[in-house]
Structure formats: C-alpha cells, structure tokens
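A.B. asks: fold the following for me, if possible:
(one chain, ligands or ions: 2)
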Amino acid sequence: MARIGIIGSAGRMGKALIEAIAAAGEDLAGGIDKGGDPLALARSSDVLIDFSSPHALEANLDAAVAAGVPILVGTTGLEERHHFLCDDAAERIAVLQTGNTSLGVNMLAHLVREAASRLGEDWDIEIVETHHRMKVDAPSGTALLLGEAAAEGRMIALADHSERGRDGITGARERGTIGFASLRGGSVAGDHTVHFLADNERIALSHLAENRAIFARGAVRAAQWLIGRGAGRYRMPEVLGL
Ligand SMILES: NC(=O)C1=CN([C@@H]2O[C@H](COP(=O)(O)OP(=O)(O)OC[C@H]3O[C@@H](n4cnc5c(N)ncnc54)[C@H](OP(=O)(O)O)[C@@H]3O)[C@@H](O)[C@H]2O)C=CC1
Ligand SMILES: O=C(O)C1=N[C@H](C(=O)O)C[C@H](O)C1
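C.D. replies: Ligands and ions are numbered 1, 2, ... in the order given. Below is the predicted model of the structure:
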C-alpha cells in the first residue's frame, strides 16, 4: 500500500481525496493544513498530493525535495514564478502539476488541441468556466489548461494571444486571440466550455463536473503513478495514457 500525504486535507478537495485514497485501497499517511509541517508529512509519505494554496507551494516543493518524494500539485491560481519553482524541484524529484486531474477534462483538452489545429483563425476561440461561489482564482486552472491546448493546436504562445477581461469600450475582437470568461455562484463543481465561433456556425466542446470525486480519483491515480518515477515534470495525459 502506498502512503499518501495530503496538503490541504481539511479543504473541499482534501475531504474528497481522503475518500478516494480509501476507495483505492491506499494508506493515508496524514494530512496538513495552514500552519502544518510539510517536511514531517513528506518524511512519512511515499508521495504528496497538494491541493492547498499558491502561497504554500514553495514550502511544499522544498519539503518534497528534502524528503525525496514525488509530488502532485493540483493547486490552481499559479503564476509564472510558481511554474519556475516546479521546474526547479523537477530537477530532483518527480513533479506533476495540473489544473485538472479528471480523465474527462484531459480528454477534452485533446479534442480542443485537435480542433484548434484544424480550424483556422476564422474560428474565434472563447473559453467559459463556471465554479462555486467559494472559488478564489480566475480564470480557473482548467480554463488555462484548455487555453494552452488550443494555443498548442494553433502553434502560438497563449501568453501572447490571451484576452482575460473585457469591460467598457473594448473595440472589436482581436483576430487570433483566445478569450476567457469566468462565472461564480452556487455549488458548481466545475463546468468548462470551449467555443469555436465562425461566421454562421459554432462548435461548443464542454465538460461538466458533477462532483469532486472525479478530481480526487484522478489525483490518486496520478499519485500512484508518480511513486518510483525519476526526476522530471510530468503531465496528466502520461498518467491516463491519452
Ligand atoms: N487540479 C484539479 O483537478 C483541482 C484543483 N483544485 C484546486 O485545489 C485548490 C484547493 O481547492 P479546495 O479544496 O476547493 O479549497 P479549500 O479552500 O476548500 O481547501 C484548501 C485547503 O488548503 C489549506 N491551506 C491553505 N493554505 C495552506 C498552507 N499554507 N499550507 C497548507 N495548507 C493550506 C486550507 O487550510 P485552512 O482552511 O487552514 O486555510 C484548506 O484546508 C484550489 O487551488 C483549487 O482550484 C480543486 C479541484 C480540482
Ligand atoms: O476550485 C475548484 O473547485 C476547481 N478548481 C480547478 C480549476 O481551477 O480549474 C479544477 C476544477 O474545475 C475545480
């Protein structure tokens, strides 16, 4: 049995993870929240799963490196510097960072990449996400993951082509951009639609999460997969065989 340590264990995802670890027949090594000791947790775990806060990421990666255990980072709201921290840690341990651990979203990303690669710039791309009222970051990590997939399909850099907020006299839509819009309310676990919009026709590719069990199941599967992996930065499609 693998010993899995959870960072953010009392949160919404932490609770779903505790159930998923038991359902997978694995061992819960322990869990911490704000003020907890990630190094002590890492030393008693075979793998760490982090669904907490971007503020915690540096200490969590340092703990995983010091203990020599792999880490799955599911926390969203990450900035460029957080990705550099993941890159640094990945020189010493296995690191898998993803905005969404579900099979369905990673399949959607594959479809989006394919559609974006075949449809030209006449097709505008807009990504709409809806989440529960307690979510603190926008756009969602998943929306950004889907935006990256669309940008890869188009062979462009998302950072140079994203439109993250419209308000007031915005002017006409800039050709070739990828737009993001966020809705917040209720208890929605996570809905994402990638719209491809051309003259007189539209395609909408959607994923609707009915609960957090789908994220927890994928996270546990990724954690199992990470144990024994060499140093490096890994992605969910490798875990899921997509
Ligand atoms: N990749 C994916 O598939 C998914 C990613 N997420 C992401 O996971 C993250 C957590 O989501 P959710 O569970 O809904 O959020 P919650 O706010 O419910 O839980 C976050 C937990 O992290 C803890 N925490 C906060 N700061 C620290 C810290 N410095 N060190 C250790 N623990 C800390 C909180 O503890 P305390 O209450 O004491 O502050 C809390 O228990 C978000 O970024 C969310 O977007 C969510 C679902 C799926
Ligand atoms: O905060 C959430 O709840 C979720 N966060 C992730 C994200 O930002 O995409 C994944 C999922 O959509 C739920």
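A.B. asks: which ones are touching residue 205?
C.D. replies: Applying C-beta atoms under 8 Å, 6 or more residues apart in numbering to residue 205 gives the contacts 108, 111-112, 115, 193-194, 196. Backbone N, C-alpha and C define where each C-beta goes, glycine included.
A.B. asks: please, which helix or strand holds it?
C.D. replies: Assigned by DSSP states H and E, residue 205 belongs to strand 201-208.
A.B. asks: list the buried ones in that strand?
C.D. replies: Buried residues in strand 201-208, counted by 16 or more other C-beta atoms under 10 Å: 205, 207.
A.B. asks: is that strand in proximity to ligand 1?
C.D. replies: No: residues of strand 201-208 contacting ligand 1 under C-beta under 6 Å from any ligand atom: none, with a closest distance of 11.5 Å.
A.B. asks: how much space between residue 28 and residue 219?
C.D. replies: Computed with C-beta to C-beta, to the nearest Å, the distance linking residue 28 and residue 219 is 13 Å.
A.B. asks: CA atoms only for stretch 36-45 - export them in PDB, please.
C.D. replies: The C-alpha trace of stretch 36-45 is given here as PDB (Å, rounded to 0.1, in the frame of the first residue of the first chain):
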ATOM      1  CA  GLY A  36       1.200  22.300   9.300                       C
ATOM      2  CA  ASP A  37       4.700  20.900   8.800                       C
ATOM      3  CA  PRO A  38       5.100  19.700   5.200                       C
ATOM      4  CA  LEU A  39       8.500  18.300   5.800                       C
ATOM      5  CA  ALA A  40       7.300  16.000   8.600                       C
ATOM      6  CA  LEU A  41       4.400  14.900   6.300                       C
ATOM      7  CA  ALA A  42       6.800  14.300   3.400                       C
ATOM      8  CA  ARG A  43       9.100  12.200   5.500                       C
ATOM      9  CA  SER A  44       6.200   9.800   6.400                       C
ATOM     10  CA  SER A  45       4.800   9.600   2.900                       C
END
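A.B. asks: contacts for that stretch, please.
C.D. replies: Under C-beta under 8 Å, 6+ apart, the answer for stretch 36-45 is 3-5, 7, 29-32, 48, 56, 59-60, 62-64, 66-67, 69.
A.B. asks: and that stretch, how far out from the chain middle?
C.D. replies: 23 Å (C-alpha atoms, centre = their mean, to the nearest Å).
A.B. asks: list the buried residues of that stretch.
C.D. replies: Within stretch 36-45, the residues scored as buried using 16+ other C-beta under 10 Å are 36, 38, 41-42, 45.
A.B. asks: so residue 126 sits against residue 202, correct?
C.D. replies: No: taking C-beta atoms under 8 Å as the definition, residue 126 is not a contact partner of residue 202, at 9.9 Å.
A.B. asks: anything in contact with each of these two?
C.D. replies: Here residue 126 and residue 202 have residue 195 as joint contacts, going by C-beta under 8 Å, 6+ apart.
A.B. asks: ok, residue 63 - contacts?
C.D. replies: 38-39, 41-42, 48.
A.B. asks: just residue 117 next, same as before
C.D. replies: Residue 117 makes contacts with 153-155, as judged by C-beta under 8 Å, 6+ apart.
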